[in-house]
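*Asks:* Model the following, please.
(chains A and B)
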Amino acid sequence: MNEIQLLTWVRGPGLDIAVGIFLLGVFWRLFEIYSLGRKKDLSASRSAAGASGWHTIFRRSLPPEGMVKKSPVSYIGGYTFHIGLAIVVFLFAPHILLIHSLTGLSWPGLPSQFIDLAAVVTMAAMVVVLVDRINKPVKRYLSTFGDWFTWAVTFLPVLTGWMAVQHLLLPYTTMLALHILSVEVLLVVLPFSKLFHAFTLFGSRWFNGQVNGHKGVAV
Amino acid sequence: MSASLEKGVRVLKEVIDAPIASYFSSCVHCGLCAEACLFYTETGDPKYTPIHKLEPMRRLYEQEYTLLGRLKKMVGLSKPVTDAELGEWQELVYNSCTLCGRCSAVCPVGNDIVYMVRKFREGMSASGHAPDGIKGAVNRTVTIGSPMGVKLPAVKAQMKHVEEDYGIPIPLDAEGAEYMVMLSSMEIINFPEYLGAIAKIMKQAGKTWTLCSTAFEATNAGMQIGNSDLARVIVSRIVEGAEKLKVKTVISPECGHAYTALRWEGANLVGRPFTFQVKHIIEVLGEFQEQGLLKTEGFETDKLTFHDPCQLARRGGVIQPQRNLMKMVAKDFVEMPDAGYMNWCCGGGGGASAIEEGEELRLEAFKKKKSQLEAVKPDRLVTACANCRIVLEEGLEHYQMDIPVIGLTEMIAEHIPDQTKSEGA
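*Replies:* Take a look at the predicted model:
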């Protein structure tokens, strides 16, 4: 298989398979998690202003008081790479074109120089959080194969995409094929790894906030 | 698999619900929960990271309730939960967790970690891995009636003393009273001032109240150990007592877990909504204060600070009333760092104070409270939980800090003029 054939495959059947597994995986995982249900709470509720599941969904995106100081790398590094990823994935013109071709939806992108910068910053932040995971006793203690693997699976699409645009190391066609392939790996892995937090964190925050809302605790 | 382990695993499978599945699926191993846990911050040992305390339960969840986990289990790629492992986890699930809930308050993906610890304890208890200290407390509560072995005659003796000291009758089994007052053994044995304080406060407010001869003990070690069957037995006594006496409100004493057991878990344990309200004494005092039924005179002039019991504030939503009450009688009321919603636990909640072998760790964790206190250097420490009070006193003594600990209810009562004519009665 030469690079053109590889590119054709990853753009065609490869993408179909990956998107298929991703969609089915997401659907299945959401089902297997939330269909477990929970018992109705029979205690009398005490409502309070600003206390509900919805409040918590938004509020938990902000660090609780004093926590940034305790773990600056987690927060600053975390924000940086999450926002960076969102910019690179959703505001790079070629990505928008792809999304347009798949869904018909479209929106304005950002200049490629800006995306380039965002990609570099994102990768730098990801390296910093990786080093933090190795250095910090708690993070190292908690880390399993899944943590290192999902880091790599998230990092590779950014790296290969950036290298393709910069025409580094390998010919553009080859690098582009590898980039798309790495995204496909990410899509397949996402529903079945800790990356699935991208979906479940909303449910988790809602449950937590709802229970606290029931007790009249605004969190 | 031993019979007890089998039972434990069955119970665990039963308690795993959508929130737990969502929480386990959301964890990214960021470790921020460790920063919120005093057992980690004071020891620096990563094994005390809250989410790690749930590892056996997480694996069981994965193996039983996820497609990938079931496949892994089928081909023998997963590590089964063993008796030895649960035994090893006892220290993490009980000794080093007071169910304080700070971890649940900081988790960025929103995991209610302490909710999971509470559920994990159900499996630990069923598989015979609960600590002897709490087991003893539960057995005494179920068989004798209270965790410290207090029986009705002891309560009656105290009632008599209080009646003599305060000159106020203490009603017992008065049908149709507005409030049914609960006690904790700790109050019956160590802090008899509490009952006297209630008598004075109720008299001034002109409210009818009663103790109940079949349900005077409010604490619920069954909940702390994680045995819902026993927790139900204990809570049912209170429900039956309250319904028999047809009271409007049951008042949970100055005890954090008694409040959670009765206010939030009680109806779920008995399987139906209560026909009466449940309020912590601090909530009741707060209402009396708002309605002008609580009138005090004079002020404490030394420097006072308030320790928020976790189950009352963070897990119970009662944060402002105690502050309003403090200001009513204290000239120099100072707040510790992190006071209120994010206050640090005394280190002995959730049954931890009943675990003898956990004492060393508990005193280590108390360094957090010590540093909070050193930041404001109070003359006295006020709280609203008899268990916090005992644990605080032990810690303060260990670190040779001369700070007396007092209950808020009794401090308020001391400022009620003796000759007040009851109003509205």
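*Asks:* In stretch A:143-155, which residues are buried?
*Replies:* Neighbour counts over stretch A:143-155 (16 or more other Cβ atoms under 10 Å in any protein chain shown) mark A:143, A:147, A:150-155 as buried. Placement of C-beta: from N, CA and C, glycine included.
*Asks:* tell me, what residue is most central in chain A?
*Replies:* A:Ala198 (5.5 Å; Cα atoms, centre = their mean).
*Asks:* Go ahead and confirm that residue touches A:Leu190.
*Replies:* Yes - counting by Cβ atoms under 8 Å, A:Ala198 touches A:Leu190, with 7.1 Å between them.
*Asks:* Contacts only, for B:Val318.
*Replies:* Neighbour list for B:Val318: B:280, B:282-283, B:286, B:312 [criterion: Cβ atoms under 8 Å, 6 or more residues apart in numbering or on different chains].
*Asks:* What is the most widely separated pair among those residues?
*Replies:* B:Gly286 and B:Leu312 (11.4 Å; Cβ to Cβ).
*Asks:* Neighbour count for those two, which is higher?
*Replies:* More crowded of B:Gly286 and B:Leu312, by other Cβ atoms under 10 Å in any protein chain shown: B:Leu312, with 30 against 20.
*Asks:* can I assume that one sits in a strand?
*Replies:* No - B:Leu312 is assigned coil when assessed by DSSP: H, G, I helix; E, B strand; the rest coil, not a strand.
*Asks:* Checking my notes, B:Val318 in a helix, right?
*Replies:* No - B:Val318: not assigned to a helix; according to three-state DSSP it is coil.
*Asks:* In space, what's closest to it - neighbours in sequence excluded?
*Replies:* B:Leu312 (4.9 Å; Cβ to Cβ, 6 or more residues apart in numbering or on different chains).
*Asks:* Which helix or strand contains the residue nearest to the centre of chain A?
*Replies:* A:Ala198 is part of helix A:197-215, with elements assigned from DSSP states H and E.
*Asks:* tally of neighbours for residue 102?
*Replies:* Here I'm looking at chain A. Counted with other Cβ under 10 Å, A:Leu102 comes out at 10.
*Asks:* looking at chain B here, not the other one
*Replies:* 26.
*Asks:* surely it meets B:Tyr341?
*Replies:* No - using Cβ under 8 Å, B:Arg102 makes no contact with B:Tyr341, being 9.6 Å away.
*Asks:* correct me, but B:Asn387 touches B:Gly351?
*Replies:* No - in this structure B:Asn387 lies outside contact range of B:Gly351 using Cβ under 8 Å: 9.3 Å.
*Asks:* how deep is A:Gly104 tucked in, by neighbour count?
*Replies:* Neighbourhood size, A:Gly104 [other Cβ under 10 Å]: 7.
*Asks:* and the residue of the stretch 51-200 of chain B nearest chain A?
*Replies:* Distances between the stretch 51-200 of chain B and chain A by Cβ to the nearest Cβ are smallest at B:Gly110, namely 3.0 Å.
*Asks:* Please identify which helix or strand holds that residue.
*Replies:* Using DSSP H and E, no helix or strand contains B:Gly110.
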